[in-house]
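> Predicted model, plus sequence, below.
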Amino acid sequence: MFYSFVTLLTRFLLFLLTDCRVYGLENVPRTGPLIVVSNHLHNVDPPVVGSLVGRQVRFMAKEELFEVPVFKHCVRAYGAFRVRRGATDLRALRVALDILRNGGVVGMFPEGHRSRDSQLQRAQVGAALIELSRVPLCSRLRSKERTRQSATFGGAPESN
């Protein structure tokens, strides 16, 4: 229920306050396992990505988020699961693979942290291990301008 509320609110604000364009939404499977990857520029990226996919996305979230007193409850209620950054976290990989085996959607930011310069960073090793699971992969790219957003699912990204 919390996920649905956040998704609805995010979608409303996104389309009200930004020039948001979504490309290739028809490439997102309506059922079955799916991995959604995105570059990571802002703290609001998980709800923004989740609101654009049209399915509940279970995001990997850095374990530090689960230690913030009030925020940890929101992160859990949103359906995120913890991942240890800077190490191959086998527990997080197992959780992600279980979600995929059950036909769910896993969201991840393969760079492992937000980009400070809006450029793609090197992906972490764990991202590649999940991608080897052979499930459909959708990506989201975003301009660095906060008022101009775009998302591309499958195929080549549209120019911003």
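That came in fine, so what should we check first?
> For R21, the count of nearby residues, please.
Number of residues near R21 (other CB atoms under 10 Å) recorded here: 13. Placement of C-beta: from N, CA and C, glycine included.
> All the strands of the protein, in order from the start?
Here the chain has its strands, by DSSP state E, at 19-23, 34-38, 57-62, 81-83, 105-108, 137-140, 148-152.
> And G32, how far from L100?
Distance from G32 to L100, counting by CB to CB, to the nearest Å: 9 Å.
> These two: which is more packed in?
Taking neighbours as other CB under 10 Å, G32 and L100 compare with L100 leading, 20 against 12.
> okay, the more buried one: pLDDT?
According to the prediction, L100 has pLDDT 91.
> wait, isn't it in contact with V36?
No - with contact defined as CB atoms under 8 Å, L100 does not reach V36; the gap is 11.5 Å.
> From T31, how far off is E67?
To T31, E67 is 35 Å away according to CB to CB.
> quick one: which of those two has more around it?
Between E67 and T31, counting by other CB under 10 Å, E67 is the more crowded of the two (10 against 7).
> Pick the most buried one from the strands of the chain.
strand 105-108 (a mean of 25; mean count of other CB atoms under 10 Å).
> Now stretch 2-21: buried residues?
3, 6-7, 10-11, 14, 18, 20 (16 or more other CB atoms under 10 Å).
> does the residue lying closest to D45 once chain neighbours are set aside have beta-bridge partners, and which?
Once flanking residues are discounted, D45 sits nearest to S38: 6.3 Å by CB to CB, 6 or more residues apart in numbering. Note on S38: beta-bridge partners by DSSP bridges are R140.
> I'd say S38 and G107 touch.
Yes - applying CB under 8 Å as the test, S38 and G107 come out as touching, 7.3 Å apart.
> Could you name every residue contacting both of those two?
By CB atoms under 8 Å, 6 or more residues apart in numbering, S38 and G107 have these common neighbours: V49.
> follow-up on the earlier one: will you turn the buried residues of stretch 2-21 into a markdown table that also has pLDDT and distance to V83?
Shown next, in a markdown table, are the buried residues of stretch 2-21 (pLDDT from 0 to 100; distance: CB to CB, whole Å):
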| residue | pLDDT | distance to V83 |
| --- | --- | --- |
| Y3 | 94 | 18 |
| V6 | 95 | 20 |
| T7 | 94 | 22 |
| T10 | 92 | 22 |
| R11 | 90 | 26 |
| L14 | 86 | 25 |
| T18 | 83 | 28 |
| C20 | 79 | 28 |
